[in-house]
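Chemist: Sharing a sequence plus its predicted fold:
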Amino acid sequence: DVNGASQTGFMVPQGFLRRGSRCSNARAFLRPARLRPNLHTALSAFVTRILFDSARRAYGVVFDRGGEEGRGQEVRARREVILAAGAINTPQLLLLSGVGPSQQLRRYNISVVADLPVGRNLQDHIAGSAIFTIREPVSLLYSRLENLPALLKYTVFGSGPLTSLGGVEGVAFVSTRFVNASLDWPDIEFHFVSGTHASDGGSHLRRALGLREEYWAHYFSHLVDRDQFSILAKLMRPRSRGIVELRSADPYEYPKIITNYLHDRADLLVIKEGLKIARQVGNTRVFREFGARLFDLPLPGCESFEMTSEAYWECYIKHLTFTIYHYCGTAKMGPYWDPDAVVDPMLRVYGVQGLRVVDASVFPTIPSGNTNAPVTMVAEKAAHLIKAFWASAKTTGDGDARPPTALHSEEL
């Protein structure tokens, strides 16, 4: 459907589940392969640097494991190094190893191996939330989760409220008035959550989500022990871009993450339109049957605006928009003529040999949906690319074959 009608709609959420609980990629892929003679998994191993030789070929990594006696151990690769540390730690490790913007590396006295825009192009999905109270006892309060019947259903049958995907009971894809008419996918995803930040009575979520005390005391605390639900309006394709940078040359110091959320005003306007649609959905007949009512307590910092006004919801979004933890894009994949590209279409890092990145860092732009399945797809595709390359090398009889260097245009 070129008009995108097939791309919009409401549905139950999909997830990586097995017997009612989340099935991670480690459980799905590593666990079945754990007894292979060519696989070794080192627990509590912290990689601090990628090793390069004088020809700029990656030949191993340095890692720490345990106490002082476990520091500075090396493991060497006979063929190539695969980096899959995620969209935050992958750029940090590349930078610590001399792959990144030369100006930043020299600031910390790190020798430059390849001058690349590592850490740029950071993207994430963020969401605003429309909160509703309801009269029917159907939401996921802690009292309905922490009890023997719920625990038995989960452990014995893989069913019950504890199998909920983080409280998300439904999703929808909708288009706002700002959607690009030439594209065939919408710009907002709804998460229908059977609760709010206050559903656990303030025991964990308020801290896990980093809520300031003023928001808890003067806003969310009024929802404790009340049946409630949220409709999260998630921005699918943000225009704003962030940065991941080093704080120092110490691998144990967390990198600096500059998200730049809402830096482009277009992002704020799309979320605001998404929340407007969410409030309309919450006011439909089917939700009114549950006694749904928009939570009408003004958010701290926005009390001077009428809740029905555009200004209030802009203020609300600026104060209470939160991450969905879909960080990506910090080692962008692109053709050699793209000045922002870090890896080529075969996931090989430009300017060096024997190094690939296989994680969400390589996304040029964030997917219009959750990133779990796309990251798994990247890993599966990378596995086929790597196997095909080395199978070809074996067929040609070149047992010491090396992946060709991926070079920028000025180096060709």
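Modeler: Everything's here; your move.

Chemist: Report the contact partners of the residue nearest the centre of the chain.
Modeler: With distances taken as Cα atoms, centre = their mean, the residue of the chain nearest its centroid is H326 (1.7 Å). Contact partners of H326, counting by Cβ atoms under 8 Å, 6 or more residues apart in numbering, are Q123, D124, H125, A360, I366, N370, T371. Glycine gets a C-beta too; all of them are placed from N, C-alpha and C.

Chemist: just V342 next, same as before
Modeler: 94, 116-118, 330-334, 349-350, 357, 361-362.

Chemist: now, the most widely separated pair of those residues?
Modeler: The most widely separated members of these are L94 and G334, with 15.9 Å between them, by Cβ to Cβ.

Chemist: Specify which residue of these two has the higher count of neighbours.
Modeler: For L94 versus G334, the count of surrounding residues by other Cβ atoms under 10 Å is larger for L94: 28 against 17.

Chemist: Give me the subset of the contacts of V342 that lies in helices.
Modeler: Counted as lying in helices by DSSP state H, out of those, are L94.

Chemist: any idea which of the contacts of V342 is closest to Q103?
Modeler: Using Cβ to Cβ, the contacts of V342 come closest to Q103 at P117, 11.3 Å.

Chemist: Quick check: that closest one touching D340?
Modeler: Yes - contact criterion Cβ atoms under 8 Å: P117 and D340 qualify, at 5.4 Å.

Chemist: what residues are shared contacts of those two?
Modeler: K332.

Chemist: How is the chain partitioned into domains?
Modeler: The chain breaks down into these domains under automatic domain parsing: 5-18+124-241+258-323, 42-122+327-411.

Chemist: what's downstream of the lowest-mean-pLDDT helix or strand in the chain, the next helix or strand?
Modeler: Lowest by mean pLDDT, DSSP states H and E among the helices and strands of the chain is helix 142-145, with a mean of 83. Using DSSP states H and E, the helix or strand that follows helix 142-145 in sequence is helix 148-152.

Chemist: Which positions in the helix or strand that that following helix is followed by come out as buried?
Modeler: Using DSSP H and E, the helix or strand that follows helix 148-152 in sequence is strand 168-174. Going by neighbour count (16 or more other Cβ atoms under 10 Å), the buried part of strand 168-174 is V168, E169, V171, A172, F173, V174.

Chemist: wait, Y336 sits on D344?
Modeler: Yes - assessed by Cβ under 8 Å, Y336 is found in contact with D344 at 6.7 Å.

Chemist: host element of F229?
Modeler: Short version, using DSSP H and E: F229 is in strand 228-235.

Chemist: Would you mind writing the CA trace of that strand as CSV?
Modeler: Taking Å, rounded to 0.1, in the frame of the first residue of the first chain, the C-alpha atoms of strand 228-235 are listed here in CSV:
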residue,chain,number,x,y,z
GLN,A,228,-4.3,3.7,35.9
PHE,A,229,-2.9,3.3,32.5
SER,A,230,-0.6,5.3,30.2
ILE,A,231,-0.4,5.8,26.5
LEU,A,232,3.2,6.5,25.5
ALA,A,233,3.6,8.5,22.3
LYS,A,234,7.0,7.4,21.0
LEU,A,235,8.8,9.5,18.4
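
Chemist: Fine by me, thanks again.
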